[in-house]
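Colleague: With the input below, show me the fold.
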Amino acid sequence: MAERPAIRPGSALAVLLAGVLAACTPQTELRHSELLDVAALLPGVYDNRLQAEQEAMDGRVVHPAELLDVARISVPVLGRLVFHVRERSAGDLRRVLSDRLWVFDSEDGKQLVAQVYRFNDAARWAGGGDDPEMLRSLMPQDVTALAPCALVVLRAPGGFSAHSGAVGCPASDATGAKRYVQHWQLAEGHVEFAELPPGQAPATGDGYRFARLPGGESN
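Modeller: Next up is the predicted model:
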């Protein structure tokens, strides 16, 4: 059996291998593991029926009944882990309340971050909820981030939490309009999210609380 040629120090191959090994740090491995966990945790079909019914009993309907469809899609130009998220009225499933993209990625391997995007031409991409393949052709110029700063995603009991109100993140845009911060809680079978006025800390009951429906698997 022929011996493998030795890799000479300073050769192009040696430099390449050194770069690969340097990239595989414990931090990058941890971020990769977190992305895999989010990918397994999030997809599905959810509703907030229990929350809406409880609010109706209390005489305050703050969060009307909705369905939340979360499907993983492949749009590498936007991030490593992308979900199409569609909110629909539980009373009329043909009524789409919002179409969003939730994008998760690692920031130089240091931390897990996420961003929410809206479609610049909503009508063009309206069929994406029923045909995720059409979303593969999305480009960065087709979407706009809802928040000026990415959400920092952290491990939490049973899943992850995320908040966009980072120190130094502008509270208003160039026109002076207030930017709303976002808060998420992701756990097995449950998703909670809220948009809060700048400077307001999240509190129980601020956001929509969705539970995955039995058999509510998404793509």
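
Colleague: How many residues are close by the closest residue to Leu146 other than its chain neighbours?
Modeller: Leaving aside its chain neighbours, Leu146 sits nearest to Val116 (4.5 Å; criterion: CB to CB, 6 or more residues apart in numbering). C-beta coordinates here come from the backbone N, C-alpha and C atoms, glycine included. Other residues lying near Val116 total 22 when counted by other CB atoms under 10 Å.

Colleague: residue contacts, Val116?
Modeller: Going by CB atoms under 8 Å, 6 or more residues apart in numbering, Val116 touches 100-103, 145-147, 151, 182.

Colleague: nearest to Gly79, of these?
Modeller: Of all these, Gly79 sits closest to Val103, with 3.9 Å by CB to CB.

Colleague: coming back round to it: so the residue nearest to Leu146 lies in a helix, does it not?
Modeller: No - Val116: not assigned to a helix; according to DSSP: H, G, I helix; E, B strand; the rest coil it is strand.

Colleague: in the sheet, who's paired with it?
Modeller: Beta bridges link Val116 to Trp102 when assigned by DSSP bridges.

Colleague: Begin at 29, not 1, for the rest of this chat.
Modeller: From this message on, residue numbering opens at 29, which makes the last subject Val144.

Colleague: Tell me how far the most centrally placed residue in the chain lies from Ala142.
Modeller: The centroid of the chain falls nearest to Trp130 when counting by CA atoms, centre = their mean (3.2 Å). Distance, Trp130 to Ala142, by CB to CB, to the nearest Å: 6 Å.

Colleague: for the longest helix anywhere in the chain, packing partners?
Modeller: Assignment by DSSP state H gives helix 54-69 as the longest helix of the chain. If you count contacts as 3 or more CB pairs under 8 Å, 6 or more residues apart in numbering; DSSP states H and E, helix 54-69 packs onto strand 109-117, strand 120-135, strand 139-147, strand 179-184, strand 187-191, strand 209-215.

Colleague: and stretch 99-113, how far apart are its ends?
Modeller: End-to-end span of stretch 99-113 (CA to CA, to the nearest Å): 7 Å.

Colleague: For the closest residue in space to Leu140 that isn't next to it in sequence, give me its contacts.
Modeller: Of all residues not flanking Leu140 in the chain, Val181 sits nearest, at 4.1 Å (CB to CB, 6+ apart). Val181 sits next to 62, 66, 132, 139-142, 188-190 when contact means CB under 8 Å, 6+ apart.

Colleague: same thing with Ser134?
Modeller: Neighbouring residues of Ser134 by CB under 8 Å, 6+ apart: 56, 59-60, 62-63, 108, 140-141.

Colleague: can you rerun that using 10 Å?
Modeller: 55-56, 58-60, 62-63, 107-109, 140-141, 181 (CB atoms under 10 Å, 6 or more residues apart in numbering).

Colleague: Quick check: bridge partners of it?
Modeller: Listed beta-bridge partners, Ser134: Leu140 (assigned using DSSP bridges).

Colleague: Okay, it and Leu109: tell me how far apart.
Modeller: 10 Å.

Colleague: Name the residues contacting each of those two.
Modeller: Shared between the contact lists of Ser134 and Leu109 (criterion: CB under 10 Å, 6+ apart) are residues 62-63, 140.
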